[in-house]
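Colleague: kindly generate the corresponding structure for this input.
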Amino acid sequence: MATAAERLPQAAPLAPRALRWRVGMITLATDHVSEWDFASMRPHEDLAVYVNRVAFANPANKENLLAMGPRLTEAADLILPGESLDAIAYSCTAASALIGDTAVREAILAAKPGVPVVTPTSGAIGAFAALGVGKISVLTPYSEEVTEALVGYLAGNGLDIVSAACFGLADDREIARVEPAYIVEAAQAARDSRAEALFISCTALRAACVAQAIEERLGIPVVTSNQAMFWQTIRRAGCTLPVSGFGRLLRSH
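Modeller: The predicted structure is shown next:
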């Protein structure tokens, strides 16, 4: 015979919230890397990242990237429905450039009004301002077409793009399989002598984990999509703790 449950006489005390900082993130359905990077860079156990995924179909061309725009409101709405977030990030660099940060922000705010919205492109633009640099070399895993669209977006937001190089990949699942050691070598080849910093684009690329190694080799700041997005997201959320092991941006700014 089952034992009857007995309610304890004292009510359970409730804290205002379970964790101090609540960060939301929208990733692509096919993304292997963004969540892993955010977990790796998390500076404190009281910072929680709540993730939802948005439908995406490869290849990563303009048509498929732009198709995510109308889906962002619903994706944001399903992250802790009815509860507040301290910031929310959309984890796709190329789509942020093609859709535009303003349109991404408006779509997410339709579900999460008043929440600071971050994209990899807004993070990168803010990162270069914080680092005090304006002449940038760009390295991407994308096709030439998507890379040129990203370069145009960055240039339109005040950066002087002195060079751009790409791997020519069109499937973000393949991009996630690019070896970090190759990214280090490619970064050295892509860096123009005029560049004050290097931007390694794509949230699907395992670049954040080697950003510091690349900085040590090149002697200039290295900004990656996930590193910059994480930096701006936690700062907008009110967390100013330094993060070691992922480059100058997170360590010193």
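Colleague: let me see the ranges of the strands in the stretch 101-250 of the chain.
Modeller: Ranges of strands within the stretch 101-250 of the chain are 117-118, 135-140, 160-166, 197-200, 222-224, based on DSSP state E, counting those that start in this stretch.
Colleague: quick one: these as JSON lines, columns for distance to residue 59 too.
Modeller: Yep, even glycine has a C-beta here, placed from its N, CA and C like the rest. Output for the strands of the stretch 101-250 of the chain, formatted as JSON lines (distance: least, C-beta to C-beta, whole Å):
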{"stretch": "strand 117-118", "distance to residue 59": "26"}
{"stretch": "strand 135-140", "distance to residue 59": "14"}
{"stretch": "strand 160-166", "distance to residue 59": "14"}
{"stretch": "strand 197-200", "distance to residue 59": "20"}
{"stretch": "strand 222-224", "distance to residue 59": "22"}
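Colleague: as CSV, the ones you listed with mean neighbour count, distance to residue 101 and mean pLDDT would be great.
Modeller: Formatted as CSV, the strands of the stretch 101-250 of the chain follow (neighbours: other C-beta atoms under 10 Å; distance: least, C-beta to C-beta, whole Å; pLDDT from 0 to 100):
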stretch, mean neighbour count, distance to residue 101, mean pLDDT
strand 117-118, 28, 8, 98
strand 135-140, 24, 17, 98
strand 160-166, 17, 17, 98
strand 197-200, 27, 15, 98
strand 222-224, 31, 16, 98
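Colleague: from residue 106, how far off is residue 113?
Modeller: From residue 113 over to residue 106 the distance is 11 Å, taken as C-beta to C-beta, to the nearest Å.
Colleague: quick one, which of these two is more surrounded?
Modeller: Neighbour totals were compared for residue 113 and residue 106, and residue 106 leads with 14 against 8 (other C-beta atoms under 10 Å).
Colleague: which pLDDT value goes with that one?
Modeller: Residue 106 is assigned a pLDDT of 98 by the prediction.
Colleague: how far away is it from residue 190?
Modeller: 33 Å.
Colleague: residue 222 too?
Modeller: For residue 222, the distance to residue 190 - C-beta to C-beta - is 11 Å.
Colleague: cool, and residue 251?
Modeller: In this view, residue 251 and residue 190 are 23 Å apart by C-beta to C-beta.
Colleague: which one of these two is surrounded by more residues?
Modeller: residue 190 (21 against 13).
Colleague: point out where this structure drops to low pLDDT.
Modeller: 1 (pLDDT under 70).
Colleague: repeat that for 90
Modeller: Low-confidence segments of the chain, defined by pLDDT under 90, span residues 1-3, 14-19, 252-253.
Colleague: domain ranges for it?
Modeller: Domains of the chain are assigned by automatic domain parsing as 21-121+229-244, 123-225.
Colleague: put together JSON lines for the ones you listed, with distance to residue 9 on each row.
Modeller: Below are the domains of the chain laid out as JSON lines (distance: least, C-beta to C-beta, whole Å):
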{"stretch": "domain 21-121+229-244", "distance to residue 9": "29"}
{"stretch": "domain 123-225", "distance to residue 9": "50"}
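Colleague: nearest to residue 14, of these?
Modeller: domain 21-121+229-244 (13.6 Å; C-beta to C-beta).
Colleague: and the end-to-end length of that closest one?
Modeller: End-to-end distance for domain 21-121+229-244, by C-alpha to C-alpha, to the nearest Å: 19 Å.
Colleague: so how far is residue 198 from residue 38?
Modeller: The gap separating residue 38 from residue 198 is 22 Å, by C-beta to C-beta.
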